[in-house]
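Colleague: Any chance you could fold what I've pasted below:
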Amino acid sequence: MSYFLSTRSSFYSFLFTIPLFIIYEVGILFLSSDDIIVVRNGADFLMRTLLESFGIYGLYGLGAIFLVGSIFTYFFFMKDKNKNNIRANYLFIMLFESICWAFVLYFLLFKFMLVLMNPIGKTIIQQVTLAIGAGIYEEFLFRVLLIAGLSGIIDFVFLWNVKIRRTAALVIAAGLFSAFHFMGEYGDYFSMELFLLRFFAGIVLGALYFTRGFGITAYTHSIYDLIVLIKITTYSTN
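Modeller: Next comes the predicted model:
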């Protein structure tokens with residue numbers, strides 16, 4: 001299979017995002033127990049809360065599920081004889097592509113210096129941890145799960161064709177993605193300008209998810225946040 005077709009697959013996405021997941025979870029481990037509750041990415045916290053309703057408790061239950069899912073995806077891929085072997089060079093190309101997309105998003109929004117994550121971390125380590133967590137957990141929640149769920153609901157209710165219902169799901173998910181950042185104790189104060197900016201970012205990330213898959217979208221989100229974080233930190237120290 002070609003690079004673009006292969007790297008859109010669930011297998012390459014899970015394989016590609018494992019380093020993000022590990023860095024985020026290790027970053028959480030080095031924080032104090034009080035800071036963990038504050039710094040946990042909002043989407044991460046929301047998914048863990050949902051898991052608790054099914055009797056899965058603990059800070060690392062979601063992480064365990066992610067790893068188990070990765071293992072199952074790996075074995076499913078390896079059983080498919082029609083697919084090519086894993087190409088490590090694809091992962092490096094995916095990283096380069098993600099950096100390029102992150103800069104595209106940055107130049108679209110650079111006048112506003114918009115960080116997609118909620119800026120609740122107190123230290124640089126906390127902010128970096130949040131940026132990485134935003135990429136993997138927000139994209140998994142708002143792109144992978146929410147778009148699929150909304151698309152299924154729209155299909156059931158309106159019987160629209162695939163293209164229309166996926167587009168509608170993308171737009172609704174982008175709106176919820178933006179609104180999510182204003183919710184809760186650590187959310188931003190609401191402003192229509194900020195809502196529309198994050199909504200636009202959600203549209204861009206949703207379109208990227210449709211065309212390039214979860215892995216590249218997650219890295220693009222994280223790298224974008226890191227670029228803005230570096231820019232803000234550099235500006236504040238001058």
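Colleague: what's the nearest residue to Ser178 if we skip its chain neighbours?
Modeller: Arg198 (3.7 Å; C-beta to C-beta, 6 or more residues apart in numbering). Any C-beta I mention is one placed from the backbone N, CA and C, and that applies to glycine too.
Colleague: same thing with Ile216?
Modeller: Ser98 (5.1 Å).
Colleague: The one you found and Tyr219 touch, don't they?
Modeller: Yes - using C-beta atoms under 8 Å, Ser98 is in contact with Tyr219, at 3.5 Å.
Colleague: Where does the prediction get shaky in the chain?
Modeller: The model of the chain has pLDDT under 70 over residues 1, 31-84, 113-114, 117-122, 184-186, 235-238.
Colleague: again, only using 80
Modeller: Low-confidence segments of the chain (pLDDT under 80): 1, 28-86, 110-126, 183-188, 234-238.
Colleague: picking up where we left off before, what's around the residue nearest to Ile216, how many residues?
Modeller: Ser98 is flanked by 24 other residues according to other C-beta atoms under 10 Å.
Colleague: again with Phe199
Modeller: For Phe199, the count of nearby residues is 18 (other C-beta under 10 Å).
Colleague: longest helix of this structure?
Modeller: For the chain, the helix with the greatest residue count under DSSP state H is helix 192-237.
Colleague: elements contacting it?
Modeller: Helix 192-237 sits against helix 10-29, helix 88-109, helix 124-133, helix 139, helix 162-180, with contacts defined as 3 or more C-beta pairs under 8 Å, 6 or more residues apart in numbering; DSSP states H and E.
Colleague: any chance of those in TSV, plus distance to Ala148?
Modeller: Formatted as TSV, the helices and strands packed on helix 192-237 follow (distance: least, C-beta to C-beta, whole Å):
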stretch	distance to Ala148
helix 10-29	12
helix 88-109	22
helix 124-133	21
helix 139	13
helix 162-180	8
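Colleague: Out of these, flag the one nearest Leu150.
Modeller: helix 162-180 (3.8 Å; C-beta to C-beta).
Colleague: May I have the closest one exported as PDB, CA atoms only?
Modeller: Provided in PDB are the C-alpha atoms of helix 162-180 (Å, rounded to 0.1, in the frame of the first residue of the first chain):
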ATOM      1  CA  VAL A 162     -22.300   9.200   4.200                       C
ATOM      2  CA  LYS A 163     -20.800  12.500   2.900                       C
ATOM      3  CA  ILE A 164     -23.500  14.700   4.300                       C
ATOM      4  CA  ARG A 165     -23.700  13.000   7.700                       C
ATOM      5  CA  ARG A 166     -19.900  12.900   8.100                       C
ATOM      6  CA  THR A 167     -19.700  16.600   7.300                       C
ATOM      7  CA  ALA A 168     -22.500  17.400   9.800                       C
ATOM      8  CA  ALA A 169     -20.800  15.300  12.400                       C
ATOM      9  CA  LEU A 170     -17.500  17.100  11.900                       C
ATOM     10  CA  VAL A 171     -19.200  20.600  12.300                       C
ATOM     11  CA  ILE A 172     -21.100  19.600  15.400                       C
ATOM     12  CA  ALA A 173     -18.000  18.000  16.900                       C
ATOM     13  CA  ALA A 174     -16.000  21.100  16.200                       C
ATOM     14  CA  GLY A 175     -18.700  23.200  18.000                       C
ATOM     15  CA  LEU A 176     -18.600  20.800  21.000                       C
ATOM     16  CA  PHE A 177     -14.800  20.800  21.000                       C
ATOM     17  CA  SER A 178     -14.800  24.600  21.200                       C
ATOM     18  CA  ALA A 179     -17.500  24.800  23.900                       C
ATOM     19  CA  PHE A 180     -15.700  22.100  25.900                       C
END
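Colleague: relative to helix 192-237, how tilted is it?
Modeller: 60 degrees (axes from the mean of the first three to the mean of the last three C-alpha atoms, to 10 degrees).
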